[in-house]
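Trainee: Let me see the structure of the following:
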Amino acid sequence: MEQEKAIADKMNKGITAPKGFKAAGIHCGIKRSKKDLALIYSESPATAAAVFTLNKVQAAPVLISKKHLNESETFKAIIINSGNANACTGERGYEDAVTMADVTADTLGIKPEEIFVSSTGVIGETLPIEKIKNGIHKISRMIDKKEHLSAAEAIMTTDTFVKSFSTNFFIEGKEVSIGGIAKGSGMIHPNMATMLAFVTTDAEIEKDTFQTLLKSTVDKTFNKIIVDGDTSTNDMVIALANGQSGAKIESGKESYKIFEEELLSLLKKLAIDIVRDGEGATKLIEVIVEGALTDEDAEKAARTISLSPLVKTAIHGEDANWGRILAAVGYSGIEFNPAKFEILINSVPILKQNYEVALPAAEANKTLKTSYIELLVKLNVGKGTTTCWTCDFSEEYVKINGSYRT
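Mentor: Alright, predicted model coming up:
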């Protein structure tokens with residue numbers, strides 16, 4: 001009972017749930033009034049793992065953070081600004097990212113290479129670096145265990161709600177916590193997009209083991225979400241482990257399995273919240289493909305369905321147009337037999353094999369009148385399966401992206 005109470009008391013404390021982590025978020029002047037600068041700090045040196053955007057155009061903070069990941073064995077802080085991506089800003093942008101690390105290091109009394117730098121927002125504009133420098137001096141005095149929500153708010157751009165979770169569990173009698181915050185709403189596509197995520201844990205994990213863990217769980221979560229098919233210049237997922245719980249995570253041990261499950265669960269929650277908050281979205285869509293020849297084929301089919309503007313707009317309009325789904329799989333490049341195709345929406349059969357329509361159109365459309373849609377596609381040619389998450393396309397998506405650049 002005492003362990004259960006301890007877990008309940010610490011639920012949803014986000015990035016500062018693990019021992020030894022503090023954070024803060026403030027307004028420093030990049031945006032008109034909303035918070036735009038966040039700082040995450042570990043009281044003790046932490047090992048790090050990171051995954052970065054695969055876009056060939058990479059913002060200055062991505063380059064700096066990659067450099068620091070290769071240079072340092074331990075880390076103590078992450079400094080993040082929103083409202084300006086510091087992307088496509090040339091030498092000036094690179095110098096500004098270096099300055100962010102240097103000033104953060106000076107204020108915290110640590111080394112610049114112990115710091116990750118992250119930015120999100122408008123591409124092609126230089127940072128108001130003096131405002132950020134002043135903000136760093138201010139925020140370094142404000143970091144606290146209680147400021148997890150302010151940090152989560154400060155990394156948002158077109159997001160409409162905070163994305164923050166934590167989990168607490170026990171490994172060999174020692175309480176372990178994982179915390180995470182994320183931002184993302186548009187330009188979301190596997191291999192990543194306009195999304196940032198930051199994870200902390202008080203477990204002890206060796207660097208290579210941590211990198212393997214993070215990569216595998218990102219592939220099953222953040223790399224399974226799609227809003228619009230665009231991949232951004234600034235994406236990163238950064239995780240810090242400071243070991244303050246005393247629990248050691250080792251490959252091949254039971255501790256690894258327990259930690260992996262908890263990390264996967266937390267990242268899945270953050271990833272689904274990103275899709276749920278897709279720009280202009282009104283429906284969260286879970287696309288499940290079963291019975292493909294291989295898992296890779298299932299993945300191709302699910303991603304093609306999730307990317308299809310015709311499928312996404314039909315679901316927004318609550319039109320159970322199964323032809324659009326079948327057509328999307330048809331151009332995904334996989335091998336399948338269209339006559340064996342089946343579709344279920346929220347467990348209700350819509351299309352059976354041999355193109356047999358299961359319901360009149362008016363009845364089928366009723367299955368789409370919920371904010372969560374489970375779209376199950378059965379190919380019935382093999383054992384390959386996968387799940388992706390996407391959202392509908394609405395008029396609001398066009399309005400947002402016609403006036404806001406990310």
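Trainee: For burial, what's the neighbour tally of I249?
Mentor: One way to gauge burial is a neighbour count; for I249, by other C-beta atoms under 10 Å, it gives 24. Placement of C-beta: from N, CA and C, glycine included.
Trainee: and this structure, what are its domains?
Mentor: Here the domain parsing of the chain from automatic domain parsing is 2-274, 284-403.
Trainee: Ranking those domains by mean neighbour count, which comes first?
Mentor: For these, average neighbour numbers computed from mean count of other C-beta atoms under 10 Å are highest in domain 2-274, which has a mean of 21.
Trainee: Now that one: average pLDDT?
Mentor: Along domain 2-274, the predicted confidence averages to a pLDDT of 91.
Trainee: same check, this time on stretch 382-396
Mentor: Average pLDDT, stretch 382-396: 91.
Trainee: Can you measure across it, start residue to end residue?
Mentor: The separation between the terminal residues of stretch 382-396, taken as C-alpha to C-alpha, to the nearest Å, is 39 Å.
Trainee: ditto for stretch 339-353
Mentor: Terminal residues of stretch 339-353 are spaced 6 Å apart (C-alpha to C-alpha).
Trainee: hmm, who's touching it?
Mentor: Among residues not part of stretch 339-353, those counted as contacts by C-beta atoms under 8 Å, 6 or more residues apart in numbering are 291, 320, 322, 325-326, 329, 354-355, 357-359, 364, 367-368, 370, 373-381.
Trainee: for stretch 291-310, same thing?
Mentor: Contacts of stretch 291-310 from elsewhere in the structure, counted by C-beta under 8 Å, 6+ apart, are 189-190, 226, 229, 285, 287-290, 311-312, 321, 324-325, 327-329, 331-336, 340, 375, 377-390, 393.
Trainee: Strands - which of the contacts of stretch 339-353 land there?
Mentor: Judged by DSSP state E, these include 291, 357, 373-378 as members of strands.
Trainee: Dump those residues into JSON lines; add distance to F170 and pLDDT as well.
Mentor: Written out in JSON lines, the entries for the ones in strands among the contacts of stretch 339-353 read as follows (distance: C-beta to C-beta, whole Å; pLDDT from 0 to 100):
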{"residue": "G291", "distance to F170": "39", "pLDDT": "98"}
{"residue": "V357", "distance to F170": "52", "pLDDT": "97"}
{"residue": "I373", "distance to F170": "36", "pLDDT": "97"}
{"residue": "E374", "distance to F170": "33", "pLDDT": "98"}
{"residue": "L375", "distance to F170": "37", "pLDDT": "98"}
{"residue": "L376", "distance to F170": "36", "pLDDT": "98"}
{"residue": "V377", "distance to F170": "39", "pLDDT": "98"}
{"residue": "K378", "distance to F170": "40", "pLDDT": "98"}
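Trainee: any idea which of these is the one closest to E279?
Mentor: The shortest approach to E279 among these belongs to I373, at 17.7 Å (C-beta to C-beta).
Trainee: who's that closest one bridged to?
Mentor: When bridges are taken as DSSP bridges, the partners of I373 come out as I285.
Trainee: State the distance from it to E153.
Mentor: Taken as C-beta to C-beta, to the nearest Å, the spacing of I373 relative to E153 amounts to 29 Å.
Trainee: just to revisit the earlier point, and the ones in strands among the contacts of stretch 339-353, which is closest to K133?
Mentor: Within the ones in strands among the contacts of stretch 339-353, the smallest distance to K133 is 46.4 Å, found for I373 (C-beta to C-beta).
Trainee: need the contact list for V275.
Mentor: Remark: with contacts taken as C-beta under 8 Å, 6+ apart, V275 is in contact with 188, 225-227, 281, 284-285, 389-391.
Trainee: Can you list which of the residues you listed are found in helices?
Mentor: Using DSSP state H, the subset of the contacts of V275 located in helices is empty.
Trainee: Measure how far stretch 350-365 is from the centre of its chain, please.
Mentor: Taking C-alpha atoms, centre = their mean, to the nearest Å, one finds stretch 350-365 lying 35 Å from the centre of the chain it belongs to.
Trainee: Need the distance between the two termini of that stretch.
Mentor: 9 Å.
Trainee: Can you tell me the SS state at I110?
Mentor: Under the three-state scheme (DSSP: H, G, I helix; E, B strand; the rest coil), the conformation of I110 reads as coil.
Trainee: contacting residues for N12?
Mentor: Each residue near N12 by C-beta under 8 Å, 6+ apart is listed here: 164-166.
Trainee: and those as a markdown table, adding secondary structure and distance to L307?
Mentor: Below are the contacts of N12 laid out as a markdown table (DSSP: H, G, I helix; E, B strand; the rest coil; distance: C-beta to C-beta, whole Å):
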| residue | secondary structure | distance to L307 |
| --- | --- | --- |
| S164 | strand | 28 |
| F165 | strand | 27 |
| S166 | strand | 32 |
